[in-house]
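Q: Sequence and predicted structure below; questions after.
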Amino acid sequence: MNILTIDDDREILDFFHHLFHQKGHQLYFAHDKSSTEKAIKRTSLEIAFIDLKLPDVSGLQLLKKVKQAHPACKVVMMTGYSTVQTAVEAIKLGAEDYIEKPFEDITLIEKVIQPEKDQQDIDSYIQLAKNSGLIVGKSQSMKEVVRIASKFATKNLNILIDGETGTGKEVMARYIHEASSKKQNEGPFLALNCGAVAEQILESELFGHESGAFTGAAKTRKGYFELASNGTLLLDEIGEASMPIQVKLLRVLESREFMRVGGEKILRTGARILAATNRNLRREVEKNRFREDLLFRLEAVTITIPPLRERKEDLLEISYFILNKEGLSHLTLSEEALELLYEHEWPGNIRELTNVLLRGSAELEDNANVILPNHLYIPLNVSKVKGQNNFIETDSGPISAQWKAEILKSIDRGDSLNLSHVMEDMKKAELQVSREIAKKALRTANGSQKEAAEKLGVNPRKLRYILNEKN
Ligand SMILES: Nc1ncnc2c1ncn2[C@@H]1O[C@H](COP(=O)(O)OP(=O)(O)OP(=O)(O)O)[C@@H](O)[C@H]1O
């Protein structure tokens, strides 16, 4: 193989010479921009090892040059600890991996020169992903996301996973845990939703509490940072965490130290931290709703999961995976049913697909094994109207004229339509609108249910019913 090593440190060049020369490889060495350019022109290249910091040029620029001239050439970056951020950038630009100097483990270097290992590696991470509930599918975008996730799973870096709701951020986090180093994945994988509970409860969930720390804290309890100490902790919906919680999280991420609520002893956590969000945290930082220093700590690496509508080629595999997982492997989707699935834009992504399939399977007549279009309730492709979500979730009013027009149009188009489902959803939507009204009235009445009920002309029991239903 033709191997190029680019480094201005002579010792490194000698090291590569010793490692590869006896094995019969053709070695080339460069130490700056112009010697690299000459080497790139001279020959075809199969592998390049590039130092990130060179005297007159950055390693990233050389990576681009090598990849331009020899697209199939595998590139491994070499870095000192302080430049890990740039190494992350390099992997995103197509580098195979990075190794930290001084080299402690040369197996990675030896592995790159075994081409048969590549396919084995890809196969094994795709299989591991599947085992942990994550289907990679055929799409290039998802393959690339999983390639990056697999590279960083084994490095002890915090990873931020972003993507729309239902795209699989939590399953991705679980996969990263499974694919992490042995030391890490022997511990538990724990996920905590930072948006689901009130601030005080979240604090005690994260850090634990001592008995008597607050009313109701009868016993000492460990928090997630303690419980996940030799495993992985996913901070889900991190964008929902309040400012005071963000400050506390930042402290743990910086020092690895924390105290239980009401406690005085300093505890340490070894948990690998992953965070997930469907908000754009950069924008949240600009609006002063998210701390920039916390974002900086969390996003050593960011992995963005593409929405399902941008990888419809994966729909078939994911659909059958879902049916299998739900014990419905005997079911088949008819061609026409599949066509309907392909047409939809899936604003709720894989979670929405799961719901549609489960509901569809429940519609099947006894002994029937084929899911047909009339079994599938797909929310009428309102999502096809640009910028508008599934009608139940839209802010602009769920029972909108636009939605009604869409239904009527779909009949003109000859689409199949299940009126019971439409009515069921209208009921849900009606309740949601009523709830919004009830909440607003309650706020205006400073929380008095009696007063709010009076204003709305309903009795307080009905008001409570409306308020509770969606909870
Ligand atoms: N790639 C995938 N392969 C198989 N199943 C998936 C995949 N992605 C998501 N799912 C399934 O879709 C559902 C939603 O996934 P998950 O909870 O991970 O999404 P999420 O992005 O964390 O959503 P949210 O932002 O709403 O919390 C789950 O049932 C999950 O198993």
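A: Received, thanks.
Q: Please count neighbours and contacts with C-alpha atoms only from this point.
A: Noted.
Q: Pull out the buried residues from the biggest helix by length in the chain.
A: Secondary structure of the chain per DSSP state H: the longest helix is helix 419-444. Using 16 or more other Cα atoms under 10 Å as the test for burial, helix 419-444 gives 422, 425-426, 428-429, 431-433, 435, 437-439, 441-442.
Q: can I assume K143 sits in a helix?
A: Yes: counting by DSSP: H, G, I helix; E, B strand; the rest coil, K143 is found in a helix.
Q: Can you get me a residue count around it?
A: Burial of K143 is recorded as 16 neighbouring residues (other Cα atoms under 10 Å).
Q: quick one, what contacts it?
A: V136, G137 (Cα atoms under 8 Å, 6 or more residues apart in numbering).
Q: Mind doing that once more with 7 Å?
A: V136 (Cα atoms under 7 Å, 6 or more residues apart in numbering).
Q: any idea how far it is from the ligand?
A: Here the distance between K143 and the ligand works out to 11 Å (Cα to the nearest ligand atom, to the nearest Å).
Q: next one: I176
A: 12 Å.
Q: what about that residue, how many neighbours?
A: 26.
Q: isn't it right up against A153?
A: Yes: shown here, I176 and A153 form a contact pair, counting by Cα atoms under 7 Å, at 5.0 Å.
Q: how about the residues of the stretch 351-471 of the chain near the ligand?
A: Residues of the stretch 351-471 of the chain lying close to the ligand (Cα under 6 Å from any ligand atom) are R351.
Q: which residues does the residue in the stretch 351-471 of the chain positioned nearest to the ligand contact?
A: The ligand sits closest to R351 of the stretch 351-471 of the chain, with a gap of 4.0 Å, by Cα to the nearest ligand atom. When contacts are counted by Cα under 7 Å, 6+ apart, R351 is found next to G166.
Q: returning to what we had before: elements contacting the longest helix of the chain?
A: For helix 419-444, the elements it packs on are helix 449-456, helix 460-469, judged by 3 or more Cα pairs under 7 Å, 6 or more residues apart in numbering; DSSP states H and E.
Q: okay, those in CSV with mean neighbour count next?
A: Below are these laid out as CSV (neighbours: other Cα atoms under 10 Å):
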stretch, mean neighbour count
helix 449-456, 17
helix 460-469, 15
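Q: Among the ones you listed, show the one with the smallest mean pLDDT.
A: Here the lowest mean pLDDT among these goes to helix 460-469, at a mean of 76.
Q: Let me see the residues that make contact with that helix.
A: Contacts for helix 460-469 (Cα under 7 Å, 6+ apart): L431, S434, R435, A438, Q449, K450, A453.
Q: Pull up the gap between the first one and K455, please.
A: Just to be clear, that refers to L431. Going from L431 to K455 by Cα to Cα, to the nearest Å gives 18 Å.
Q: now do the fourth one
A: Relative to K455, A438 is positioned 10 Å away (Cα to Cα).
Q: ditto for V356
A: 39 Å.
Q: Over to K404?
A: 30 Å.
Q: could you give the mean pLDDT of the host helix or strand of L128?
A: L128 is part of helix 115-131, with elements assigned from DSSP states H and E. Confidence for helix 115-131, expressed as mean pLDDT, is 81.
Q: For it, buried residues please.
A: Within helix 115-131, judged by 16+ other Cα under 10 Å, the buried ones are Y125, I126, L128, A129, K130.
Q: And stretch 344-356, by the same measure?
A: Those buried within stretch 344-356 under the rule 16+ other Cα under 10 Å are H344, E345, W346, P347, G348, N349, I350, E352, L353, T354, N355, V356.
Q: ok, and the closest non-adjacent residue to the fifth one?
A: In this case it means G348. Closest residue in space to G348, ignoring its immediate chain neighbours: G166 at 5.7 Å, by Cα to Cα, 6 or more residues apart in numbering.
Q: Assumed that neighbour was part of a helix.
A: No: using three-state DSSP, the assignment for G166 is coil, not a helix.
Q: separation between Q114 and K23?
A: When distance is defined by Cα to Cα, Q114 is 12 Å away from K23.
Q: Which residues does stretch 130-140 contact?
A: So stretch 130-140 is contacted by 126, 129, 142-143, 171-172, 174-175, 311, 313-314, 317-318 (Cα under 7 Å, 6+ apart).
Q: gap between that stretch and the chain center?
A: Centroid separation for stretch 130-140 versus its chain: 13 Å, with Cα atoms, centre = their mean, to the nearest Å.
Q: Including pLDDT and secondary structure, could the buried residues of stretch 344-356 go into TSV?
A: Listed next are the buried residues of stretch 344-356 as TSV, based on pLDDT from 0 to 100; DSSP: H, G, I helix; E, B strand; the rest coil:
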residue	pLDDT	secondary structure
H344	89	coil
E345	89	coil
W346	91	coil
P347	88	coil
G348	89	coil
N349	94	helix
I350	96	helix
E352	92	helix
L353	95	helix
T354	95	helix
N355	91	helix
V356	92	helix
